[in-house]
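# sequence first, predicted model second:
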Amino acid sequence: MKKLIIIQTAAPDYRNLFYERLKDILKDRFELYAGNESFEASIKTQSKLYKEVNNHFLLKRKFLFQTKIWHLLFKNDVVVLEMNPRILSNWLFLIIRKILSKPTVLWGHAWPRNGKQAKSDILRHWMRKLGDKIIVYTHRQKKELQEKMPDKNIVAAPNALLKSESMVSKPNTSAKNLIYIGRLVAAKKVFFLVKAFHHALDLIPEDAKLIIVGDGEEKENIQQYINKHNLAKRIQLLGHISYYNTLKELYHEALFSVSPGYVGLSIIQSLGFGVPMLISKDENHSPEIEAVREGENALFFKTDDMDDFAQKLQSIYQSREEWLKKREKIVDFCQKNYSVEAMAETFIDLIK
């Protein structure tokens, strides 16, 4: 029987439950290959299931060539590759396996980071043509890409971080904190969040805190700002946390989560615990923005505007009881659309 083989640049901890689900269902018919870190060095492999690949980054990490995977080239198994034209070894895999009629699936963003009108989509489109099947991150991307490639087999596997049973909201009338979970890098604008929260302190309850979970290049600057302005009692910088029970408690104490830069997977995690998100509006958001229902599970503030951020924050605390009542519906929505089980099923179907 055919195996499902997934080759990744890296396998970070937020994917662990997904890979474990595949292993639980497929047993020895599932194999995961990954390098130690991604194009962004802060994204590192933390899976126990992977077989190590050598990542050779080129031209200041703009391109990648992988080795220790070439024994898979002629396998009759289903091989899933990242749909990223910058991974040069994937082109060879796709071309050779296409000639040999070996099943190869592409998994990733339907469009480049700058959208479907980006010039770089020419390369991505050639790559898409070589795949026997394409798995994208959202139903919207599936619909858009199917319009461009009506004869291509395209399916959606919305990104998920939690099992359905692990998505829980806790009736907590004392929830007052704001929470940010993610990498502390410039593109995520966490330093802006710290300064904007500081700017808004006079408009929110005195016992409301900003909780920051994550690591990255901006951590030291953020800590220095906290120390300089004596904000240690209002802003907590906790570092990277992946332990489910700890994250659950942090979310249960939060009234809202925040995305000061572009939205990524953190929105799915937040909604899984019933916590709505305050989002910077005019960003180049990741596909997970599809999960947003403004006024139901999220609000937007004007990008890079501290005054508007403060006003939105004030309105959230003024409507605190109404937002707390929405938590159960938010979890229910996430269970139906963004569970690890649903995501894994799309991949399991590849070898049924």
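Okay, I see it.
# show me which positions of stretch 296-313 end up buried.
By neighbour count on 16 or more other Cβ atoms under 10 Å, the buried set for stretch 296-313 is 297-301, 303-306, 308-310, 312-313. Every C-beta, even on glycine, is put in place using the N, C-alpha and C of the backbone.
# can you put these in TSV and add pLDDT?
Formatted as TSV, the buried residues of stretch 296-313 follow (pLDDT from 0 to 100):
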residue	pLDDT
Asn297	98
Ala298	98
Leu299	98
Phe300	98
Phe301	98
Thr303	98
Asp304	98
Asp305	98
Met306	98
Asp308	98
Phe309	98
Ala310	98
Lys312	98
Leu313	98
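# among those residues, which one lies nearest to Phe192?
Closest approach to Phe192 among the buried residues of stretch 296-313 (Cβ to Cβ): Asp304, at 6.5 Å.
# ok, the closest one - contacts?
189, 192, 280 (Cβ atoms under 8 Å, 6 or more residues apart in numbering).
# please indicate which of those residues has the highest neighbour count?
Ranked by neighbour count (other Cβ atoms under 10 Å), the contacts of Asp304 have Ser280 at the top, with 25 neighbours.
# and the gap between that residue and Ala11?
29 Å (Cβ to Cβ, to the nearest Å).
# now do Ser259
Distance, Ser259 to Ala11, using Cβ to Cβ: 24 Å.
# span of stretch 25-41 from start to end?
Using Cα to Cα, to the nearest Å, one end of stretch 25-41 lies 31 Å from the other.
# how about stretch 133-145?
With Cα to Cα applied, stretch 133-145 spans 12 Å between its terminal residues.
# just stretch 201-216 next, same as before
Chord length of stretch 201-216, first to last residue, is 25 Å (Cα to Cα).
# state the mean pLDDT of that stretch.
In this model, stretch 201-216 has an average pLDDT of 96.
# residues of that stretch that come out buried?
Those would be 201, 204, 208-216, for stretch 201-216 by 16+ other Cβ under 10 Å.
# what's the answer for stretch 126-143, then?
Those would be 127-128, 130-138, 141-142, for stretch 126-143 by 16+ other Cβ under 10 Å.
# can you pick out the ones from the residues you listed that are in strands?
If you go by DSSP state E, the buried residues of stretch 126-143 have 133-136 in strands.
# now those residues as JSON lines including distance to Asn16 and pLDDT?
Below are these laid out as JSON lines (distance: Cβ to Cβ, whole Å; pLDDT from 0 to 100):
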{"residue": "Lys133", "distance to Asn16": "25", "pLDDT": "98"}
{"residue": "Ile134", "distance to Asn16": "24", "pLDDT": "98"}
{"residue": "Ile135", "distance to Asn16": "19", "pLDDT": "98"}
{"residue": "Val136", "distance to Asn16": "22", "pLDDT": "97"}
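# mind listing the strands for the stretch 101-250 of the chain?
Assigned by DSSP state E, counting those that start in this stretch, the stretch 101-250 of the chain shows strands spanning 104-107, 133-136, 154-156, 177-181, 210-213, 235-239.
# nearest to Pro171, of the ones you listed?
The nearest among the strands of the stretch 101-250 of the chain, by Cβ to Cβ, is strand 177-181 at 16.2 Å.
# who does that closest one pair up with?
Strand 177-181 has its sheet partners listed here by DSSP bridges as strand 210-213 (parallel), strand 254-259 (parallel).
# make a markdown table out of the ones you listed and add distance to Phe74.
Shown next, in a markdown table, are the strands paired with strand 177-181 (distance: least, Cβ to Cβ, whole Å):
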| stretch | distance to Phe74 |
| --- | --- |
| strand 210-213 | 44 |
| strand 254-259 | 44 |
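# quick one: which of these is nearest Val80?
With Cβ to Cβ as the measure, strand 254-259 is the member of the strands paired with strand 177-181 nearest Val80 (28.5 Å).
# tell me what the next helix or strand after the closest one is packed against?
As assigned by DSSP states H and E, the chain's next helix or strand after strand 254-259 is helix 266-272. Packed against helix 266-272 by the contact rule (3 or more Cβ pairs under 8 Å, 6 or more residues apart in numbering; DSSP states H and E) you find strand 177-181, helix 244-252, strand 254-259, strand 277-280, helix 327-337.
# circling back: name the nearest of the buried residues of stretch 201-216 relative to Leu324.
Using Cβ to Cβ, Ala208 comes nearest to Leu324 of these, at 13.9 Å.
# tell me the contacts of that closest one?
Ala208 sits next to 176-178, 234, 255, 317 when contact means Cβ under 8 Å, 6+ apart.
# how's this protein carved up into domains?
The chain breaks down into these domains under automatic domain parsing: 4-157, 164-337.
# what about the shortest one, distance to the chain center?
Mean C-alpha position of domain 4-157 versus that of the full chain (Cα atoms, centre = their mean, to the nearest Å) differs by 15 Å.
# for the longest one, same thing?
Distance of domain 164-337 from its chain centroid, counting by Cα atoms, centre = their mean, is 15 Å.
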